[in-house]
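[1] Have a look at this prediction, sequence included:
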4 protein chains.
Amino acid sequence: MTVRFAILGAGRIGQVHARAVTSNPDARLVAMAEPFAEAAEKMRARYGCEIREIDEIAGSDDVDAVVICTPTDTHADLIEQFAKAGKAVFCEKPVDLSVPRVREALATVEAEGGTLMVGFNRRFDPDFAALKAAIDAGRIGEVEMISITSRDPGAPPASYIKVSGGIFRDMTIHDFDVARWLLGEEVETVQASASVLTDPEIGKLGDFDSVNVILTTASGKQCTISNSRRATYGYDQRIEVLGSKGMVQARNTAEANIVVAGAEGFAEPPLLNFFMTRYTEAYAAEIAAFIAAVSEGAPTPTTGLDGLRALELAEAALQSARSGQAVRLGASAAAA
Amino acid sequence: MTVRFAILGAGRIGQVHARAVTSNPDARLVAMAEPFAEAAEKMRARYGCEIREIDEIAGSDDVDAVVICTPTDTHADLIEQFAKAGKAVFCEKPVDLSVPRVREALATVEAEGGTLMVGFNRRFDPDFAALKAAIDAGRIGEVEMISITSRDPGAPPASYIKVSGGIFRDMTIHDFDVARWLLGEEVETVQASASVLTDPEIGKLGDFDSVNVILTTASGKQCTISNSRRATYGYDQRIEVLGSKGMVQARNTAEANIVVAGAEGFAEPPLLNFFMTRYTEAYAAEIAAFIAAVSEGAPTPTTGLDGLRALELAEAALQSARSGQAVRLGASAAAA
Amino acid sequence: MTVRFAILGAGRIGQVHARAVTSNPDARLVAMAEPFAEAAEKMRARYGCEIREIDEIAGSDDVDAVVICTPTDTHADLIEQFAKAGKAVFCEKPVDLSVPRVREALATVEAEGGTLMVGFNRRFDPDFAALKAAIDAGRIGEVEMISITSRDPGAPPASYIKVSGGIFRDMTIHDFDVARWLLGEEVETVQASASVLTDPEIGKLGDFDSVNVILTTASGKQCTISNSRRATYGYDQRIEVLGSKGMVQARNTAEANIVVAGAEGFAEPPLLNFFMTRYTEAYAAEIAAFIAAVSEGAPTPTTGLDGLRALELAEAALQSARSGQAVRLGASAAAA
Amino acid sequence: MTVRFAILGAGRIGQVHARAVTSNPDARLVAMAEPFAEAAEKMRARYGCEIREIDEIAGSDDVDAVVICTPTDTHADLIEQFAKAGKAVFCEKPVDLSVPRVREALATVEAEGGTLMVGFNRRFDPDFAALKAAIDAGRIGEVEMISITSRDPGAPPASYIKVSGGIFRDMTIHDFDVARWLLGEEVETVQASASVLTDPEIGKLGDFDSVNVILTTASGKQCTISNSRRATYGYDQRIEVLGSKGMVQARNTAEANIVVAGAEGFAEPPLLNFFMTRYTEAYAAEIAAFIAAVSEGAPTPTTGLDGLRALELAEAALQSARSGQAVRLGASAAAA
């Protein structure tokens, strides 16, 4: 079965998904919705899809699934609208910045028997997937300690930071999802430290740019996450997992696999610098997994609940960074 | 301008080029020629192109360029036919196994004012291109000594070896081209040693499976090439260039960028094992370069002469391996 | 000037220091004190030194300096005895397991105008020293975030754990010192999580085997420390420092610098497995620095205060792991 | 048994061996011979040995073994003198620059039933020894193809080159020995190319600075050796062995095991730059092996014959570089 797609939003990430959909032999891009005429026209010319209004798409018989790439504050409404319209929904993270609103949207999806996949692209990165496969194959025994290093090449503009929900909800949220994916059990307590070290403007906006987090599960497994909004050497994305029998690391990807030697020593190129270049294959694999789930009527590999759990961890980390206390994930959270 | 393509031959390499052509926004795949009906039908279904006879393609007004992916013994004839038909020609290496036949075909292309690019895909590999860029940027000074290591995961079947022209014309030919590309001056003498170490059957076919070559230029620059038809750990493709100010290396590509540690030590996955996976990006970049040259009427980055020179080196190496003497590239070769 | 030494204690670490002293051209090993006759005799045979009682050494005119390698609970007393005897003192960490007792001993040393160096060997490791030199040379700009990974190949015996003061005072104490050395400012708050994951027996002794710590300074710099008592792949000792302009990492040392490739991929040997092999050069450099300071009457590179500060951090980490609260280093500590 | 040593020659390499002998618990340095009074006095002060004339040492009852570190043109005479005097002899490579003279000296040693070890230090390097151990353990199957890369940081002074016997006898000779050690069978043919690329002065002295060699055995195993007198990035010493089941590489040693990342990418320090630093452990292990052989009356791990064979390969390579022909190792050589 070919899954017929509409993409909502023709911004940077909308284009990434358009490329992924159109190069997948099991999918077809039918329509786009985009308020800016110029961006819309560009997409039509490039991918040969139609431009439609959002409400029109919700009522289109020739659309099976939508990819939501609009601003965060529209996600929950759109999820609900398209779940009710009977379309399978792929939504970029986060579902919403408010935990209660996320719960509400998830309840609607559940009531409608809908399909919702949340875009945690890292699970689909080939190297991270190989790391997970090594763990699942028992090569390191029982997982005990995880270290996630995630540093952006540079901070986003102030305009973005203002509406981002802060570093924990915007950036660390990916690492929270990776932590849950790899720990194999839910997090019980969160400890965090947060500072402003790279740019005082970020502090004026009430946000942080440098954070460390320790997550601990009921059985005592621990995961540390280290984030910075600045890494001069590129987009630093590493995972290390220590187990009872060994360790596995997923390493960074450089711009080119060469080394130049001279009197100063050995020089290798910086890391791939941009999330879209770094995660090209991950985005394609993520959409492929969504397409496979939709055509087979199978569960999606990430769900709305994953989005909720990651957001809860982000809130707990923010609270811990402010109070200095370990924050215990609530009973209500556990029951969600 | 969109370049309109036909591909001759729907085998393994024909499919690689079909993928490269169809995913390039400046090209369109109009037609295929393929004697086996099933393979032809598969290509039509996958890429939506027409199936035509070769002669029909030569006369087609809606075809600007052809990619020759047929067996080696048809290359020279097809190059001549399509040069006369006024089509730009991209031909897989080698042009022919006979140096005089190659010269003849090149003369025809020249007489017709035609365009001929020979498929030396390695020049377009991103890592090898980065190595070349580092040299061109002066980072290692003057090139002095080159080492090329090129080992196949395993030998091809006897049926292929029989018609391959032998390891120097079939496998080392790529390395000869890389050597010429990087040395920056023509080779003057060739010394070679050749053995059968991996499989006596290869020896029975009159071929070798393990060879080392030293190329020396007039100014004394040297390049070694080391080939084996067997590398249990994957497709081993490395280049190292020593210059007056330093050295540059292009390294191998592993299946995944992870490392697993345990009581036995540290383990990394084997190398990408197949030339099509290893050189996916190179094939796409190679076709993109051909498309750019054709649409701009510019010279192609590799030419028929490159094909000829590499073949001459292959013949010299074979002669040296047999005689034990350094073979000096002839005056006629230099004048070609 | 040749510094004349006595070593107190002929155990494992006493032998390490005996080797360092005897192979240093500016030092001479005059005497040893060791209650076990056999061990004492071995040292005399190997190094040609005399065997004396501790009190005898304190009164020996031919001894300028002592190295204290006796059990921890004797350190403070011996420091005081030898400071009063006018000998320069090098003492293995920790000075004592009790902060008040450490302060007392330090006060005595100060009153006597004595010299006390505490054995934090890692500062003298060539790779860690090169990392520090890169920071001091401004290569990464201002230090912002540090990650220290320190994992033992295996846990010590229960008998040792019982008297060790627990993982924070016994193992993490080295990392606390490294953190202080690299942060360039004192730690303000400590957050820690601690579990028993490798062996329930360790839990029965009231200790932990798996801990993560976040240290934060007044200006917001952060350092994480990750410890485990089990690393099947060897003695894992890494430091990574992120700065405003870049990052520096000191990497592990393998048993041999070789790689073996095969069908399973690439295999490298495990890490050096034992602290004495891993830190051979560090121990020699540490004693050389002590000798240089003593002969020149200069300050030692590590001091009793370094020992005190590291111990205070250990106590704070233990308290945080138990309470879940960030522990703020006290005013009294800052004033010490 | 403690082996009592005299060292002949207090130059650079004499000092290396003095350090190795004096730090070995099974040896004692009794005497030195050195014509320059100042150098001799320095050794006496540093190692507490006596200064004696060479003839005096030959007659000394308290000397069991000598290490010959004098200029090359004295080696053969001294070997003969000390073999006749009943001393075990360790001689730095080469035994002599003339093959007939080497044969003569070896005949004398054999007639006297003497012990002669030739200083091929690389066999004793821990990384190269680990590579050999991996081969011997069967980890790569049957050895097929070897690549040795050996580049000096810079050329020696003209005065040294003049008496060195040329690059093949002075520098490649080490690689010839390594090749023989690893191939497991004698070399049958030698092909070589040699140029002057780094400094025309070297050419004026009749020598080369850049050479590549292919060695082939009777069964078709091949070994390439690549040498340059210039490597801006340090002393480049690598070995790679391809076998029927896999490959093993011994890699270079950097000044420090750190990496610094910044906007330009990742930077690692240059290689250890000096043969004495690079091979410190190898020199100690080499002398230890000699001591063990002497005290046990066992054969030494390298012999005079190894010195002869490596010299024969050097002569063959020189002849091949000049003639362009593969040189077949003579029947007389094989029978030696």
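    Now that the structure is in, tell me what you want to look at.

[2] The stretch 1-150 of chain A: strands as residue ranges?
    The residue ranges that make up the strands of the stretch 1-150 of chain A, judged by DSSP state E, counting those that start in this stretch, are A:3-8, A:27-33, A:50-51, A:65-68, A:88-92, A:116-119, A:143-151.

[3] Tabulate those strands (CSV), appending distance to chain B and mean pLDDT.
    Where C-beta positions appear, they are placed from N, C-alpha and C, glycine not excepted. Supplementary listing: these in CSV, determined by distance: least, CB to the nearest CB, whole Å; pLDDT from 0 to 100:
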stretch, distance to chain B, mean pLDDT
strand A:3-8, 18, 98
strand A:27-33, 13, 95
strand A:50-51, 20, 96
strand A:65-68, 20, 98
strand A:88-92, 23, 97
strand A:116-119, 22, 97
strand A:143-151, 13, 98
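
[4] With mean neighbour count added, can I get the ones you listed in a markdown table?
    Formatted as a markdown table, the entries for those read as follows, by neighbours: other CB atoms under 10 Å in any protein chain shown:
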| stretch | mean neighbour count |
| --- | --- |
| strand A:3-8 | 25 |
| strand A:27-33 | 22 |
| strand A:50-51 | 16 |
| strand A:65-68 | 27 |
| strand A:88-92 | 26 |
| strand A:116-119 | 26 |
| strand A:143-151 | 23 |
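
[5] Adding distance to chain C, write the ones you listed out as a markdown table.
    Conversion of the strands of the stretch 1-150 of chain A to a markdown table gives the following (distance: least, CB to the nearest CB, whole Å):
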| stretch | distance to chain C |
| --- | --- |
| strand A:3-8 | 36 |
| strand A:27-33 | 34 |
| strand A:50-51 | 45 |
| strand A:65-68 | 34 |
| strand A:88-92 | 28 |
| strand A:116-119 | 28 |
| strand A:143-151 | 5 |
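
[6] Of all those, which one comes closest to D:Thr72?
    Judged by CB to CB, the one of these that comes nearest to D:Thr72 is strand A:143-151, at 54.7 Å.

[7] Give me the secondary structure label for the nearest residue to A:Met171 once chain neighbours are set aside.
    Using CB to CB, 6 or more residues apart in numbering or on different chains and skipping residues adjacent in sequence, the residue nearest A:Met171 is A:Asn227, 5.7 Å away. The assignment at A:Asn227 comes out as strand when based on DSSP: H, G, I helix; E, B strand; the rest coil.

[8] Pull the contacting residues for A:Asn227.
    The neighbourhood of A:Asn227, defined by CB atoms under 8 Å, 6 or more residues apart in numbering or on different chains, consists of A:Ser150, A:Arg151, A:Ile167, A:Met171, A:Thr172, A:Asp175, A:Ser210, A:Val211, A:Asn212.

[9] swap the cut-off to 7 Å and go again
    A:Asn227 makes contacts with A:Ser150, A:Arg151, A:Ile167, A:Met171, A:Thr172, A:Asp175, A:Val211, as judged by CB atoms under 7 Å, 6 or more residues apart in numbering or on different chains.

[10] And for A:Lys93?
    For A:Lys93, the set of contacting residues under the criterion of CB under 7 Å, 6+ apart consists of A:Val118, A:Gly119, A:Phe120, A:Ile173, A:Gly307.

[11] ok, it to chain B distance?
    Plainly put, A:Lys93 is 24 Å away from chain B if you go by CB to the nearest CB, to the nearest Å.

[12] A:Glu104 now?
    When CB to the nearest CB is applied, the distance between A:Glu104 and chain B equals 39 Å.

[13] ok, which pair from the contacts of A:Lys93 is furthest apart?
    Put simply, by CB to CB the two of those set farthest apart are A:Gly119 and A:Ile173, 10.9 Å from each other.

[14] A:Asp236: neighbour count?
    Burial of A:Asp236, expressed as a neighbour count using other CB atoms under 10 Å in any protein chain shown, amounts to 21.

[15] Tell me the spatial nearest neighbour of it, not counting adjacent residues.
    Excluding the flanking residues, the one nearest A:Asp236 by CB to CB, 6+ apart is A:Arg151, at 4.0 Å.

[16] residues contacting the one you found?
    For A:Arg151, the contact set (CB under 7 Å, 6+ apart) comprises A:Asn227, A:Ser228, A:Ala231, A:Asp236.

[17] okay but the third one is in contact with A:Pro153, surely?
    Yes - taking contact to mean CB atoms under 7 Å, the distance of 5.7 Å between A:Ala231 and A:Pro153 places them in contact.

[18] neighbour-wise, which of these two wins?
    Set side by side, A:Ala231 and A:Pro153 show unequal neighbour counts under other CB under 10 Å, the larger going to A:Ala231 at 25 against 20.

[19] Now the more buried one. Nearest residue, chain neighbours left out?
    Computed as CB to CB, 6+ apart, the closest residue to A:Ala231 that is not its neighbour in sequence is A:Arg151, at 3.8 Å.

[20] now A:Glu188: how far from A:Arg328?
    Distance, A:Glu188 to A:Arg328, using CB to CB, to the nearest Å: 6 Å.

[21] So if I had to pick from the two, which one is more boxed in?
    Just comparing A:Glu188 and A:Arg328: by other CB under 10 Å the higher neighbour count belongs to A:Glu188, 17 against 14.

[22] Double-check that the more buried one belongs to a helix.
    No - using three-state DSSP, the secondary structure at A:Glu188 is strand, not a helix.

[23] what's near enough to touch it?
    Residues A:Thr216, A:Thr217, A:Ala218, A:Arg328, A:Leu329 are the ones in contact with A:Glu188 under the rule CB under 7 Å, 6+ apart.

[24] what pLDDT does A:Pro25 get?
    Here the pLDDT value assigned to A:Pro25 is 83.

[25] which one is it nearest to, not counting chain neighbours?
    Per CB to CB, 6+ apart, closest to A:Pro25 is B:Arg46, 7.6 Å.

[26] okay, now the one you found: neighbour count?
    Number of residues near B:Arg46 (other CB under 10 Å) recorded here: 14.

[27] Would you quantify the distance from it to chain C?
    Shown here: B:Arg46 relative to chain C, a distance of 33 Å by CB to the nearest CB.

[28] same thing with A:Cys223?
    For A:Cys223, the distance to chain C - CB to the nearest CB - is 8 Å.

[29] Just say helix, strand or coil for that residue.
    Applying three-state DSSP to A:Cys223 yields a three-state assignment of strand.

[30] Please name the bridge partners of it.
    Counting by DSSP bridges, A:Cys223 forms beta bridges with A:Ile146, A:Leu215.

[31] Tell me the residues of the stretch 151-300 of chain A that contact chain B?
    Proximity of the stretch 151-300 of chain A to chain B is confined to A:245-251, A:253, A:256-262 under the rule CB under 7 Å from any CB of the partner chain.

[32] try 8 Å this time
    Taking CB under 8 Å from any CB of the partner chain as the test, the list of the stretch 151-300 of chain A residues beside chain B reads A:245-253, A:255-263, A:269.
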